[in-house]
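In: need coordinates for the following:
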Amino acid sequence: MARWNDLPWREDVYKAAEKWRETCFFNDGSIFDNGDIWTKGNIEPLIDRILDNPDPSDSSDFFEKLEAQLNGAPKESVLLMAEIMWFIYLFPIGQQPVLNSPNQKIALSTKWETKRKKIAEILSWVDAVLPETDVTSPQALCGIGRTGRIYKRYFIALRYFLPVLLQWKGLSKSERDPFHSENEAWDFASWLEEIQPHEIASIRHALLFFLYPNKFERMVSSNHKIMLVEHFGQQLNMGTYQSTKSTLLETDKAIYEIRNQLTTLFPNKMIDFYLEPIQINGHWINLSVAGKAAQGTKNSGTSAGQMHSIPRSGAVKNNATMGQYPLSLEEIEDKEPAQRTEGEKILHTHYRRERSPALRKCKIERMIKEHGVLICECCGTKAETYGQQRRQRIFEVHHRKPLSDGLTINGVDDLALLCANCHRGIHTTDPLMSVEEFKVECGF
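Out: Predicted structure coming up:
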């Protein structure tokens, strides 16, 4: 079962998710018992105020902007926003809890305290109070999986989740009821792709996991899912997997098939892709070598006992059971990279779009004339050091009309002066965001 993991509080999270599923998602009730809250009529003001009218202020605090956007909104919509935030918070695991033996009670950590504090803050905007119930307990808010930093970009989650909710609540109850069954999980995911075909957000994976935890993995990274199929699919002779062409639904189905095959290969083990025996020291195993090790084959490179005794911390070198993909979603900043040979000369022949140095110079001169210093038009970073010549090289000119569209006539107003981080960040979006959209998304 995909819902299995080694977290002692997992059932508290699943019970909270199940209550939300039945009370709020398939019906219109409230996880905090506030009446009918999860309705189309309460979702529409949130879309209007948050998505259609983003806050252009310089504040980088998501909740500060959210409060301003919801000022004057219907009370029920604000209550709904608090419950949506509760759902967003349900997946990410916080600081590792401390277990107090012998009762195995979970000590309160600032991580889930912060979750409760932020939800209570939203409720306070309409003079409501966060109830003390099973769904707001420390155990329920411990989280169920690691997410990485991008999950905390809550605007991205809302940009995906709110339109989905609007379409879902636009269906009649009789249209929604068939999706109750676990057998309809793939049909619901297919419906989801029709609603948001080009949007990739971590909350999509969390939503499917909480709705159908026996079919979808405890995994909120699209890249991790793709890498998982690339790693195990070939070893299990599942055919060619094209990560650039396959949809997220096809990826999820492939992972489900991989899970079924791994369950057969490891009949006495509970399967979780982030735990032994499938993951060892942050890497997926090589099935062929691990299989030989489990059977005690000579010269296999390791034994079954050795394979399970590898410590989780520290580097593992020359271990034949290791796969090629590190599993931590967080940047591993305290480990040295493996050594690789670099510096070989390679000839590349390609075309590039011609840019106008004169336009760049004019853009920089105008910025200095108006502000006296170079400023990133996205995050607001100022180039006040490095010397004049270096400043001009550090800041980059971004074309608001992509050069990939072909020949265009550009003026200074068609350019944006950005720091290198923001420039690269914008060019990671697909479809390409405008400077203003990226600024709102990142909370600048």
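In: going forward, measure contacts between C-alpha atoms and count neighbours the same way
Out: Will do.
In: which SSE is the closest residue to Val412 other than its chain neighbours in?
Out: Closest residue in space to Val412, ignoring its immediate chain neighbours: Lys363 at 5.6 Å, by CA to CA, 6 or more residues apart in numbering. Using DSSP states H and E, Lys363 falls within helix 357-371.
In: output the below-cut-off pLDDT ranges for the stretch 101-250 of the chain.
Out: 101-110, 198-199, 239-245 (pLDDT under 70).
In: and the helices in it?
Out: In the stretch 101-250 of the chain, the helices defined using DSSP state H, counting those that start in this stretch lie at 110-124, 154-169, 173-176, 185-195, 202-211, 222-235, 248-265.
In: show me how far the fourth one is from its chain's centre.
Out: Taking the mean of its C-alpha atoms, helix 185-195 sits 19 Å from the chain's own mean (CA atoms, centre = their mean, to the nearest Å).
In: any residues touching it, and which ones?
Out: By CA atoms under 8 Å, 6 or more residues apart in numbering, the surrounding residues in contact with helix 185-195 are Pro163, Val164, Gln167, Phe179, Leu208, Tyr212, Lys215, Leu249.
In: measure Leu130 to Trp86 for me?
Out: Leu130 is 11 Å from Trp86, where distance means CA to CA, to the nearest Å.
In: these two - which one has more neighbours?
Out: Legend: neighbour count by other CA atoms under 10 Å for Leu130 and Trp86, higher for Trp86 (21 against 16).
In: phi first, then psi, for the more buried one.
Out: phi -60, psi -40 (degrees, to the nearest 10).
In: so who does it touch?
Out: So Trp86 contacts Lys115, Ile119 (CA under 8 Å, 6+ apart).
In: what angle separates the host helix or strand of Ile84 from helix 202-211?
Out: Secondary structure assigned from DSSP H and E places Ile84 in helix 75-90. In terms of direction (axes from the mean of the first three to the mean of the last three CA atoms, to 10 degrees), helix 75-90 departs from helix 202-211 by 80 degrees.
In: buried residues in helix 75-90, which are they?
Out: Across helix 75-90, burial judged by 16 or more other CA atoms under 10 Å covers 75-90.
In: how far is that helix from where the chain is centred?
Out: The answer for helix 75-90 is 19 Å, by CA atoms, centre = their mean.
In: angle of it against helix 110-124?
Out: Counting by the same axes, to 10 degrees, helix 75-90 lies at 170 degrees to helix 110-124.
In: for helix 75-90, the averaged confidence score.
Out: Average pLDDT, helix 75-90: 97.
In: and stretch 22-39, by the same measure?
Out: Average pLDDT, stretch 22-39: 95.
In: same question for stretch 364-371.
Out: Stretch 364-371 comes out at a mean pLDDT of 86.
In: just the CA trace of it, in CSV.
Out: What follows is stretch 364-371, C-alpha atoms only, in CSV (Å, rounded to 0.1, in the frame of the first residue of the first chain):
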residue,chain,number,x,y,z
ILE,A,364,21.4,50.7,-18.0
GLU,A,365,21.9,54.4,-18.6
ARG,A,366,18.1,55.1,-18.0
MET,A,367,18.1,53.1,-14.8
ILE,A,368,21.1,55.0,-13.4
LYS,A,369,19.6,58.3,-14.5
GLU,A,370,16.3,57.6,-12.8
HIS,A,371,17.5,55.8,-9.6
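In: I'd like the numbering to begin with 286 instead of 1 from here.
Out: Renumbered: residue one is now 286, and that last one reads stretch 649-656.
In: buried residues in that stretch?
Out: Residues Ile649, Met652 are the ones in stretch 649-656 that count as buried (16+ other CA under 10 Å).
In: so what sits against both of Leu415 and Trp371?
Out: Contacts common to Leu415 and Trp371, judged by CA under 8 Å, 6+ apart, are Ile404.
In: which ones are touching the residue nearest to Val697?
Out: Per CA under 8 Å, 6+ apart, neighbours of Lys648: Val697, Leu700, Leu702.
In: just the buried ones from the residues you listed?
Out: Buried among the contacts of Lys648 (16+ other CA under 10 Å): Leu700, Leu702.
In: so among the contacts of Lys648, where is pLDDT lowest?
Out: Out of the contacts of Lys648, that is Val697, at 87.
In: gap between it and Asn508?
Out: In terms of CA to CA, Val697 sits 37 Å off from Asn508.
In: same check, this time on Arg295
Out: Distance from Arg295 to Asn508, by CA to CA: 24 Å.
In: with Arg709 instead?
Out: On the measure of CA to CA, Arg709 and Asn508 end up 19 Å apart.
In: and Phe376, by the same measure?
Out: Phe376 is 18 Å from Asn508, by CA to CA.
In: more neighbours: those two, which one.
Out: Phe376 (28 against 11).
In: got phi/psi on the more buried one?
Out: Main-chain dihedrals, Phe376, degrees, to the nearest 10: phi -80, psi -50.
In: likewise Pro377?
Out: According to degrees, to the nearest 10, the main-chain angles of Pro377 amount to phi -60, psi 130.
In: my read: it touches Ile435, true?
Out: No: between Pro377 and Ile435 there is no contact under CA atoms under 8 Å: 11.2 Å.
In: of those two, which one has the most company?
Out: Taking neighbours as other CA under 10 Å, Pro377 and Ile435 compare with Pro377 leading, 21 against 15.
In: with adjacent residues omitted, what lies nearest to that one?
Out: Per CA to CA, 6+ apart, closest to Pro377 is Gly428, 4.8 Å.
In: count of neighbours near that neighbour?
Out: A count of nearby residues for Gly428, using other CA under 10 Å, gives 25.
In: how near is Asn356 to Ser422?
Out: Per CA to CA, Asn356 is found 28 Å from Ser422.
In: for the two, indicate the residue with more neighbours.
Out: Neighbours per residue (other CA under 10 Å) separate Asn356 from Ser422, with Ser422 holding more: 18 against 13.
In: look up phi and psi at that one.
Out: phi -70, psi 160.
In: and if you look at Thr418?
Out: phi -130, psi -180.
In: quick check: the gap between it and Met370.
Out: 16 Å.
In: is Leu493 in contact with Phe501, as I believe?
Out: Yes: in this structure, Leu493 is within contact of Phe501 by CA under 8 Å, at 6.3 Å.
In: between these two, who's got more neighbours?
Out: Phe501 (24 against 20).
In: gap between the more buried one and Phe440?
Out: Applying CA to CA to Phe501 and Phe440 gives a distance of 24 Å.
In: equivalent analysis for Ala701, please.
Out: 23 Å.
In: now the residue nearest the centre of the chain, nearest residue through space, not along the chain?
Out: Against the mean C-alpha coordinate of the chain, by CA atoms, centre = their mean, the closest residue is Ser487 at 3.0 Å. Spatial nearest neighbour of Ser487, chain neighbours left out: Val505 (5.0 Å); criterion: CA to CA, 6+ apart.
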